[in-house]
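> Starting from these lines, generate the structure:
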Amino acid sequence: MKKIILLLGIIFMSLPVLGQDHVNLKNNYAAQGYDVVSYFQDHPQKGDKKYTHTHEGVRYRFASKENLMAFQANPDKYIPQYGGYCAYAIAKKGEKVGVNPKTYLISDEKLYLFYNSWGVNTLEKWNEEGAETLQKEADERWQDIVKMQ
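You can find the predicted model right below:
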């Protein structure tokens, strides 16, 4: 019996953690180590390593103990949409593209992150091309992405 339990434990620990496959973990943290709660305070800032929390196998950093506690109380409110990948790229091509963590949008109490580099700001394109339509497209494409992996 002990061998079976040990074997099951080894198998379980070797499985990929649910959620990690679909999260942008640049710098080994969601949102590149930015405090996801701070976006909702309209002041995104990098998290501090002393305020680190793992949720569903994904590591998050927070700028303060209060923000960490807010996240722990309601993580779904703060988790970036589309795994923290560029919302515009998900909508247009169904591709996981990195982001600039300082380029974001809070809409309907949800956090969206965008690519912004080399003269291309996809948040501007998101707004110009119709956020509502693009959000619907991104929602559909994201479901396809999650199902494929």
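> need the next SSE after the helix or strand of the chain with the lowest mean pLDDT, C-terminal direction.
The weakest-scoring helix or strand in the chain, judged by mean pLDDT, DSSP states H and E, is helix 2-14 (a mean of 40). Toward the C-terminus, helix 2-14 is succeeded by helix 36-39 as the next helix or strand (DSSP states H and E).
> starting at the chain centroid, how far to that following helix?
Its chain's average C-alpha position is 12 Å from that of helix 36-39, according to C-alpha atoms, centre = their mean, to the nearest Å.
> Neighbouring strands of the helix or strand just after it in the sheet, and parallel or not?
Next in sequence after helix 36-39, counting helices and strands by DSSP H and E, comes strand 48-55. Next to strand 48-55 in the sheet, as set by DSSP bridges, lie strand 58-62 (antiparallel).
> what is the rounded mean pLDDT of the partner strand?
For strand 58-62, mean pLDDT is 97.
> Name the residues that touch the helix or strand following it?
Per DSSP H and E, the first helix or strand lying C-terminal to strand 58-62 is helix 65-73. The set of residues external to helix 65-73 that reach it, using C-beta atoms under 8 Å, 6 or more residues apart in numbering, is 35-38, 51, 53, 55, 60, 62, 78. Just so you know, the C-beta spots here come from the backbone N, C-alpha and C atoms, and that holds for glycine as well.
> Tabulate these (CSV), appending neighbour count and distance to Ser107.
Formatted as CSV, the contacts of helix 65-73 follow (neighbours: other C-beta atoms under 10 Å; distance: C-beta to C-beta, whole Å):
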residue, neighbour count, distance to Ser107
Asp35, 27, 19
Val36, 27, 15
Val37, 25, 17
Ser38, 20, 17
Tyr51, 18, 26
His53, 16, 25
His55, 15, 22
Tyr60, 25, 21
Phe62, 28, 22
Tyr78, 25, 14
